[in-house]
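Peer 1: kindly generate the corresponding structure for this input.
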Amino acid sequence: MPTGRTDTLLAMTGMLSLVGGDELNPGNEPQDEALIRAARPGPAYVLATAAARGRPDLAAANAVRWFAGLGIEMEELPVRTRSDASSKETAAKAEAGGLFYLVGGDPGLVVDVLESSRVWNAIADAWRNGAALAGSSAGAMAFGEWSLIRGGRWPKHDERRYKPALGVVPGVAVIPHHDTFGAGWRTPAGLSKPEDAVLLGLDERTAAVWRDGVWTALGAGTVNVEASDPEPRVFRAGERIEGLPEPAG
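Peer 2: Take a look at the predicted model:
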């Protein structure tokens, strides 16, 4: 039976990995090795966009070191500013990429730099054509329909508001570091979550992985899916994740 266009596109998309943080450290081998196996031919790139206001060089170097230990050569795709994201040269590199990894940092910055940009469009097209795509912490948050960014000043760092994000996974807001500080995030008084939003809680060194039409949990901790059910559903390594929308291939 012929399939529809959406089914065809989803069949072509590469692996998508949403990691809960503490990336590039021991304990992340299951999801990162799976990402490497799923990569299509082409360069492997790290994007230190989320760390652009901190130490992006260090973040990129850590990714190069970590993935070298797993047997793959990685280089930085330099996208730290909106001007970088508009570069034709950088977009041309992205078009040929086989693997992309967005590290953690500032979730709002990832969206501000990449949204609707030439480079992001090239990355998204590469993923739709089989490249592997991953983000950890802020990188994973940017892939949802909303990114939960800080809604208050210190000490109200646990107050979060919904900011429209890149929309790779529609209807979802990612909560990373769910086993440490992420579970304490809340929205300011009077601000409720968007209707039908799914909250995806990811423990550190743990990933929700989309491949071959299925979401699967990988890593050391748990994946928590909070939708309309009274209690979140919890999934462990190797289990199929239910209640999480398909990516927007």
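
Peer 1: skipping its backbone neighbours, what lies nearest Gly71 in space?
Peer 2: Ile36 (7.0 Å; Cβ to Cβ, 6 or more residues apart in numbering). Every C-beta, even on glycine, is put in place using the N, C-alpha and C of the backbone.

Peer 1: helices and strands around the helix or strand containing the one you found, which ones?
Peer 2: Taking DSSP states H and E as the criterion, Ile36 maps to helix 29-38. On a contact count with 3 or more Cβ pairs under 8 Å, 6 or more residues apart in numbering; DSSP states H and E, helix 29-38 meets strand 16-19, helix 56-69, strand 99-102, strand 132-136, strand 206-211, strand 214-219.

Peer 1: how about the second one: buried residues?
Peer 2: Spelled out, it's helix 56-69. Pro56, Ala59, Ala60, Asn62, Ala63, Val64, Trp66, Phe67 (16 or more other Cβ atoms under 10 Å).

Peer 1: once you drop chain neighbours, what's closest to the fourth one?
Peer 2: Spatially, and ignoring its direct neighbours in sequence, Asn62 is nearest to Leu24 (4.8 Å; Cβ to Cβ, 6+ apart).

Peer 1: go on, the first one?
Peer 2: Closest residue in space to Pro56, ignoring its immediate chain neighbours: Ala48 at 3.9 Å, by Cβ to Cβ, 6+ apart.

Peer 1: the third one too?
Peer 2: Once its chain neighbours are removed from consideration, Ala60 has its nearest residue in Glu76; the separation is 4.1 Å (Cβ to Cβ, 6+ apart).

Peer 1: before we move on, back to that, mind checking pLDDT for the residue nearest to Gly71?
Peer 2: According to the prediction, Ile36 has pLDDT 98.

Peer 1: going forward, begin numbering at 715 instead of 1
Peer 2: From this message on, residue numbering opens at 715, which makes the last subject Ile750.

Peer 1: ok, it - contacts?
Peer 2: Listed by Cβ atoms under 8 Å, 6 or more residues apart in numbering, the contact set of Ile750 reads Ala758, Phe781, Leu784, Gly785, Ile786, Leu813, Ala846.

Peer 1: just the buried residues out of these, in PyMOL syntax.
Peer 2: Only the buried entries of the contacts of Ile750 go into this PyMOL selection, using 16+ other Cβ under 10 Å:
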select buried, resi 758+781+786+813+846
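
Peer 1: which members of the contacts of Ile750 are the farthest-apart pair?
Peer 2: Every pair in the contacts of Ile750 was compared (Cβ to Cβ); the two farthest apart turn out to be Gly785 and Ala846, at 14.5 Å.
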